[in-house]
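J.: my questions concern the predicted model and sequence given below.
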Amino acid sequence: MFFQDVSRIVGALSTWWWLILCLMFLLYIALDGADLGAGIFALFSPDEEERGAIMASMAGFWDGNETWLVVAGGILFGAFPSVYGSAFNYLLIPLAFALWGIISRAIAFEFHVHAIGSKRFWGWMFAFGSVLAPFGAGVALGGALQGFPMAHHIAAEGVAGAHANAFDAVPHYAGGPFTFLSPFSIWTGFGAVIAASLAGGLYLCARFVPGDVIHERAKKWTNAFSMIALAAIVITLVWSYAIFPWAAAKWTGANWWVWLIWILVILGFAYMSMTAHAASRDFVALLWGEGVVALMWFAMWATMFPYIVPHTWGIQEASNPADSLAVFTLFMTGFVPIMILYNWYQIWVFRGRYTKKAMYAGH
Amino acid sequence: MVLENTLPVLLSRMDFAWITSMHILWTPMTIGMSWLLFILEVAWLRTGDERWYKLNRFFEKILIINFGAGVATGVTMEMAFGILYGPFSQAVGPFFGNILGFETITAFMYEAGFIGLMVFGWGKISKGMHLFATFNVGLSSSLSAMWILVANSWMQTPNGIVLKDGLFQVTNWWHAIFNDNFVWGFPHMWVATVELALFVFASVSAWFILKNRNADLFTKLLKPTLLALLIVTPVQIWLGDSVGRDVAMTQPTSLAAMEGHYHTYLPDGKVNTGWHLIAFPNAQNDGNVFAITIPNVLSLLETHTLNGKVTGMDQFPAKDRPDVWVPFYSFRVMVAIGFFLFFVALWGNWLRLRGKLNAESLRKNPWFLRAVVFSGFLPYLAIWCGWWTREIGRQPWVVFNLMRTYQGVSHMSLGQEVFWFVGYIIFELTVWSGAWYFFSRVIAKGVDNIPHSDTLFTHHNEEGSHEEEKAGGGFAKPTFASKPMLDKSR
């Protein structure tokens, strides 16, 4: 009886952290996605003044936005260390690329403004980093959806005599360096870049004064990427349906109508975003667009339930023991709304539109 | 055979050692200096003295470059446990994973949520709110240091857990968090951050006085900085000694490696009390080929008695002994720097007592200023050496006495390890060279172009050269809210 109760507690708490994890990843892709997309836009900027203005527009909050990824990583480690320790091992190569993109971007933010001779270099570091980060993260996501092999009795490759030990009770990652690599995972990398590009366009439209050169170009950019993104969504859904039996089973299973309604709602949000954009209600268009991201993200997590990594790690089997989960829940849950609150305040302080001439200066 | 020294394990250690060593270059300054900026801001608000404001804004420019480098290298750290040490991350998840989770939620994000307000919020938020933001940056970065030290100290002294089902499950949270090593290890690290930040203040000030630029302004800063160092530097030596004695009790192999102490007893059966100034350990790692030894000092240091017994390497099987070279020498370098910095603090305050701590007299005797400029670099080296001592001294264990390093290494090919290493050498060196280059740029630019604090809340363009170029539409009306925007360029 006692063990059943404990097991039920673990089930409830781990599902709770699975939901918070979903929310943290969502905040990351929704907020930093827009920043990254603006960086992708900067890849095509004609001069450093424009790149500087784009960086200036997010100077006050890019770090907060990016840190949602770190929080998601921390929650993964704190609540689901088994996933953290195996999935990241599996995704070494795509994560390394994403992290290098993040590094390039983070330092470019601080160096670009001070640079004179090397301004161009840091401008490119910012733009390339902004492409590399979502691409690497997208490949990692696609790789995670594919699942990965695990085994007990795994030790560092090439270490002779590394024999069975006390830690083999937990399954470790057992694949090779390129197990993640497939046409699908490469595609999700591009998909992430496309999604970020659209979010970045919507963000720049809302961020710059109508009539400003950046605003004008971001408008055209957004129009183009709306279409590309819709196509990308269709491709991703069809492809996923074809290769993931667990997804197909849910989408055309007994509750097929829920998924159908969900898709219609997503299309409705996309339509609202596009009409708001056409009517130059830029901030509203951004919000509807973020709504599309949120709905798609929730749909993906619902499709994966009850797994964190499909057919590799279930929510409950991947979670920490009851005691650790309980402590994590008690002490950390309350901070989630607080984090959202002060991040919201910080973004609110730096609201308002910019112009290209408003260089990132004098901090 | 010693698994720990096979190439895959060594490389995985190098992979992690490199990214941590390149991360600890940045965090101490953020942690220490955010409190110093808070003090400067309080001084400005209380006295209305514009000079404190100028100094604050000047050092803030250095801090934000440093912060960017810290974030750039820090995001990697939060992921690297799982990437490079997957089986370790899984096994330590119930405690260590929780603590890292605490860190991201209560510190990493907390800091990110206020650093933007602190750096870009001038003139956009009220003075009180700004001070609050600065305070939060200070508190959050110190909290971050605390959690990271909880996690790392627990790897040195894994208290409060039991190994069950392949996981380190917590039996006593209090003991696990306030583990033996943490009690002294955290204060030692935290004071190091303050000492480093104070020496950066002092070093930059000394440079300006030496160049006779804003010399009076920087003398005004140098005085309280040196006074604070007079307290901080000896406290740090005392804390370091306490950590050392704690290590002697809880991690005797690490202490023996730090001291190159192989033989617990001398051939005649007496306790070996000798402290080596210099030692060359032999290839078998069971004795020194050559050593300059001072009797009694080791016992004095570790037991505070003349003839106390200090456990040597010979009490442990060869496979449990760490490498001696790095801990031995990096420990000595750290200690030497600690004493040298104390000496610099004494020197400066002695000059002050004799009424010579003013710009004019200081320039007449530039050796003090040169020593202080030089001292700005030493805390970095000392912190590196301290961590190398700590981490290499713990080997061959990743969790002391419970999990060997090779057991925690991710399932990686040699190619992956090299890929990671080469990539991070390129990126981390870019961060390092860029950040130090732009530090020098900011310092060379000086304080003269910092506008008066009166301009903070006025609604005109402060960017000078862009004044005529408002072509893009001038100042924006907020579209998201009805409240009028304050000056956007600050």
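T.: All right, it came through fine.

J.: in the stretch 51-200 of chain A, which spans are strands?
T.: A:150-151, A:172-173 (DSSP state E, counting those that start in this stretch).

J.: distance from the last one to the middle of the chain?
T.: What it means is strand A:172-173. 24 Å (CA atoms, centre = their mean, to the nearest Å).

J.: contacting residues around it?
T.: A:85-87, A:89-90, A:148-152, A:154, B:86-87, B:90, B:410-411 (CB atoms under 8 Å, 6 or more residues apart in numbering or on different chains). The C-beta positions use only the backbone N, C-alpha and C, and glycine is treated the same way.

J.: closest to B:Phe120 out of those residues?
T.: A:Ala87 (35.5 Å; CB to CB).

J.: surely that closest one and B:Gly82 touch.
T.: Yes. With contact defined as CB atoms under 8 Å, A:Ala87 counts as touching B:Gly82 (7.2 Å).

J.: related to what we said a few turns ago, filter the contacts of strand A:172-173 down to the buried ones, ChimeraX style.
T.: To isolate the buried members of the contacts of strand A:172-173 in ChimeraX, using 16 or more other CB atoms under 10 Å in any protein chain shown:
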select /A:85,86,87,89,90,148,150,154 /B:86,87,90,410,411
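
J.: any idea which of the contacts of strand A:172-173 the model trusts least?
T.: For the contacts of strand A:172-173, the weakest pLDDT value sits at A:Ile154, with 64.

J.: where in the chain is pLDDT low?
T.: Because you didn't say which chain, this covers chain A. Applying pLDDT under 70 to chain A flags the ranges A:1, A:154-164, A:358-363.

J.: other chain: chain B
T.: Chain B contains residues with pLDDT under 70 at B:1-4, B:458-490.

J.: what segments of the stretch 201-350 of chain A are strands?
T.: A:307-309, A:313-314.

J.: buried deepest among these, which one?
T.: Of all the strands of the stretch 201-350 of chain A, strand A:307-309 has the most neighbours on average by mean count of other CB atoms under 10 Å in any protein chain shown, namely a mean of 23.

J.: could you spell out the sheet neighbours of that strand, each with its direction?
T.: Under the criterion DSSP bridges, strand A:307-309 sits next to strand A:313-314 (antiparallel) in its sheet.

J.: from the chain's centroid, how far away is the partner strand?
T.: Mean-position distance between strand A:313-314 and its chain equals 20 Å (CA atoms, centre = their mean).

J.: in the helix or strand hosting B:Lys54, what counts as buried?
T.: Assigned by DSSP states H and E, B:Lys54 belongs to helix B:50-84. Judged by neighbour count using 16+ other CB under 10 Å, the buried positions of helix B:50-84 are B:51-84.

J.: neighbours of B:Ala197, just the number please.
T.: Using other CB atoms under 10 Å in any protein chain shown, the number of residues around B:Ala197 comes to 27.

J.: let me redo that: B:Val235
T.: A count of nearby residues for B:Val235, using other CB under 10 Å, gives 16.

J.: related to what we said a few turns ago, just give me the closest of the contacts of strand A:172-173 to A:Met55.
T.: Distances from A:Met55 to those, taken by CB to CB, are shortest for A:Ala87, at 32.0 Å.

J.: wait, A:Gly147 sits on A:Gly314?
T.: No. Using CB under 8 Å as the test, A:Gly147 is too far from A:Gly314 to be in contact (11.6 Å).

J.: residues touching B:Met33, list them.
T.: B:59, B:62-63, B:66, B:197, B:200-201 are the contacts of B:Met33 under CB under 8 Å, 6+ apart.

J.: cool, and B:Trp147?
T.: B:99-100, B:102-103, B:106-107.

J.: tell me if it really is in a strand.
T.: No. When classified by DSSP: H, G, I helix; E, B strand; the rest coil, B:Trp147 is found to be helix rather than part of a strand.

J.: how about the nearest residue to the closest residue to chain B within the stretch 151-300 of chain A, chain neighbours excluded?
T.: As assessed by CB to the nearest CB, chain B sits closest to A:Ala169 within the stretch 151-300 of chain A, at 3.0 Å. Excluding its sequence neighbours, the residue lying closest to A:Ala169 (CB to CB, 6 or more residues apart in numbering or on different chains) is B:Gly166, at 3.0 Å.
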